[in-house]
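# I would like the atomic coordinates for the input below:
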Amino acid sequence: MRAAHDGTPSTPQRLIESAPSAHADTAGAQLKSIRASTAARDEALDTLLGPGARVKPGRGEAAPGCTLVGGIGLPWLRDLDFGTNWLARAASLQWPDGVILEDLSYAAHRVMHRLEELRPKRAVLLGCMPRSTGPPGTIRRYELSELPMLDPTDVHERLAEAVGGIVDLDHTLAVCRYWDALPPDTVVIEVEPAESEFGWGFSQPVEDAVEVVIEMVLHEVLR
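The predicted model follows:
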């Protein structure tokens, strides 16, 4: 992994193993009130979502000023496909008006153009990134303001890699931050993976983090 001077976090400043305690009760109660049936959630999880799929458009079309929840994953690589498969689970919930859940598992420059189309007022980005700053399943939350300064040379290298087919959270963050495509109110929630080999489904530590991340995202979109 690259050093922090490229504009991506080598050690994000907030390490969380559960939802923030100050909001856990409120978010948990709200989550229970809107949760769909287990059968509906499992059906959504069993649906393999292609890159760019709009998982849960909500009520009406996306419009400027929406809240975007974007997942980024690497298809068929177990925990590294967290963003896409998390969205499949979240799609069974009823989200507030103006919240758009979208799969952003494609090249960073295409994500940048999509953000320019949506012009969200708030964004929550999700992924699974190996940083070795905690045990598998560790949840990290950070804001754009907590990230180091971008190095233009490294950003352009990441852009070239993205054009060549590299997709991950760090490339998306670097490119979209450099060209100011992300709204200032952007939060990143990522999970430390345990398994990255070819296959379907999460390791147990990452599976255990799924519900916590749902509560954290719910808190972000309701604040």
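# Now the element after the helix or strand where G83 lies, going C-ward?
Secondary structure assigned from DSSP states H and E places G83 in helix 82-90. Next helix or strand after helix 82-90 toward the C-terminus (DSSP H and E): strand 99-103.
# buried set for whichever helix or strand comes after that next one?
Under the assignment DSSP H and E, the closest C-terminal helix or strand after strand 99-103 is helix 108-118. Judged by neighbour count (16 or more other Cβ atoms under 10 Å), helix 108-118 contains these buried residues: 108-112, 114-115, 118. Heads up, the C-betas are built off the backbone N, CA and C, glycines and all.
# which secondary structure elements does helix 108-118 contact?
strand 67-71, helix 152-163, helix 169-178 (3 or more Cβ pairs under 8 Å, 6 or more residues apart in numbering; DSSP states H and E).
# got the ones you listed as a markdown table, with mean pLDDT, distance to F202 and mean neighbour count columns?
Output for those, formatted as a markdown table (pLDDT from 0 to 100; distance: least, Cβ to Cβ, whole Å; neighbours: other Cβ atoms under 10 Å):
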| stretch | mean pLDDT | distance to F202 | mean neighbour count |
| --- | --- | --- | --- |
| strand 67-71 | 96 | 13 | 26 |
| helix 152-163 | 94 | 25 | 16 |
| helix 169-178 | 96 | 16 | 24 |
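# Make TSV from these and add distance to T186 to it.
TSV is the format used below for the helices and strands packed on helix 108-118 (distance: least, Cβ to Cβ, whole Å):
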stretch	distance to T186
strand 67-71	9
helix 152-163	17
helix 169-178	9
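# just so I know, which of these lies nearest R89?
Distance to R89, taken as Cβ to Cβ, is lowest for strand 67-71 among those, at 10.2 Å.
# Contacts for that closest one, please.
55, 62, 82-84, 86-87, 90, 95-96, 98-105, 111, 115, 118, 120-127, 217, 221 (Cβ atoms under 8 Å, 6 or more residues apart in numbering).
# Select the longest helix from the protein.
The helix that spans the most residues within the chain, counting by DSSP state H, is helix 204-222.
# got the buried residues for that helix?
205-206, 209-210, 212-221.
# That helix vs helix 82-90, what angle?
Note on geometry: by axes from the mean of the first three to the mean of the last three Cα atoms, to 10 degrees, helix 204-222 and helix 82-90 are set 70 degrees apart in direction.
# starting at the chain centroid, how far to helix 204-222?
11 Å (Cα atoms, centre = their mean, to the nearest Å).
# now swap in stretch 172-191 and tell me
On Cα atoms, centre = their mean, the centre of stretch 172-191 falls 10 Å from the chain's centre.
# end-to-end on it?
16 Å (Cα to Cα, to the nearest Å).
# repeat for stretch 68-86
Stretch 68-86: ends 14 Å apart by Cα to Cα.
# So which bits of that stretch are buried?
68-75, 77-86.
# Now do the contacts for V221.
Counting by Cβ under 8 Å, 6+ apart, V221 has contacts 67, 69, 95-96, 99, 122, 124.
# Now tell me which helix or strand of this protein has the poorest mean pLDDT.
helix 38-45 (a mean of 41; mean pLDDT, DSSP states H and E).
# Taking the contacts of V221, please make a PyMOL selection of just the buried ones.
Buried members of the contacts of V221, defined by 16+ other Cβ under 10 Å, are picked up in PyMOL with:
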select buried, resi 67+69+95+99+122+124
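# Output the contacts of V221 as CSV; include the columns distance to I189.
Formatted as CSV, the contacts of V221 follow (distance: Cβ to Cβ, whole Å):
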residue, distance to I189
T67, 14
V69, 10
W95, 16
P96, 18
V99, 15
R122, 13
V124, 7
